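S.K.: coords below, sequence missing:
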């Protein structure tokens, strides 16, 4: 499979895992990587740190085992460096959600700035920086007050 397609699949895999409520799977994507949130002034590194971050921030509904969200990733631009072992990507995300009390609606939107490294012929995240640009009602998704995110 082409390098850029493998990288794109990693970006989409993140969305799939979080929407499935598989927080351990999300953390596994960042086992040897970091997630940076400039708005929170935080940096989480490695499986345990990333898993704790998602467990403390993402509401997972007992009835479905999921956050009742769909993370939609678009405008993916991938650049693989000449060495073929490092790459970066930019993309947009929009999260939609519907619960028993919240009608279907977009709740947050922004962009990702990702870096990747090829290890043993497999692409892996080395970092993800998250930028929040538009925010709606995240009260049914996040376990903390999101009013100060932008």
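M.R.: Perfect, thanks for sending it. Everything quoted here is computed from the prediction, not taken from an experiment. Numbers count the residues shown, from 1 in each chain.
S.K.: sec struct for the residue most central in space within the chain, please.
M.R.: Per C-alpha atoms, centre = their mean, the C-alpha nearest to the average position across the chain is that of residue 14, at 5.5 Å. Following DSSP: H, G, I helix; E, B strand; the rest coil, we place residue 14 in the helix state.
S.K.: and the one 3 residues further on, by the same measure?
M.R.: Assigned by three-state DSSP, the conformation of residue 17 is helix.
S.K.: count of neighbours near it?
M.R.: Residues lying near residue 17 (other C-beta atoms under 10 Å) number 19. (Each C-beta comes from the backbone N, C-alpha and C, glycine too.)
S.K.: go on, residue 77?
M.R.: Neighbour tally, residue 77, other C-beta under 10 Å: 10.
S.K.: so what touches the host helix or strand of it?
M.R.: Residue 77 is part of strand 69-80, with elements assigned from DSSP states H and E. Applying C-beta atoms under 8 Å, 6 or more residues apart in numbering, the external contacts of strand 69-80 come out as 3-4, 7-8, 11-12, 14-15, 18-19, 86-97, 107, 112, 141.
S.K.: can you rerun that using 7 Å?
M.R.: 3-4, 7-8, 11-12, 15, 18-19, 87-97, 141 (C-beta atoms under 7 Å, 6 or more residues apart in numbering).
S.K.: tell me how many other residues surround the residue lying closest to the residue nearest to the centre of the chain once chain neighbours are set aside.
M.R.: Computed as C-beta to C-beta, 6 or more residues apart in numbering, the closest residue to residue 14 that is not its neighbour in sequence is residue 29, at 5.9 Å. As a burial measure, residue 29 scores 20 neighbours (other C-beta under 10 Å).
S.K.: many thanks, I have nothing further to ask.
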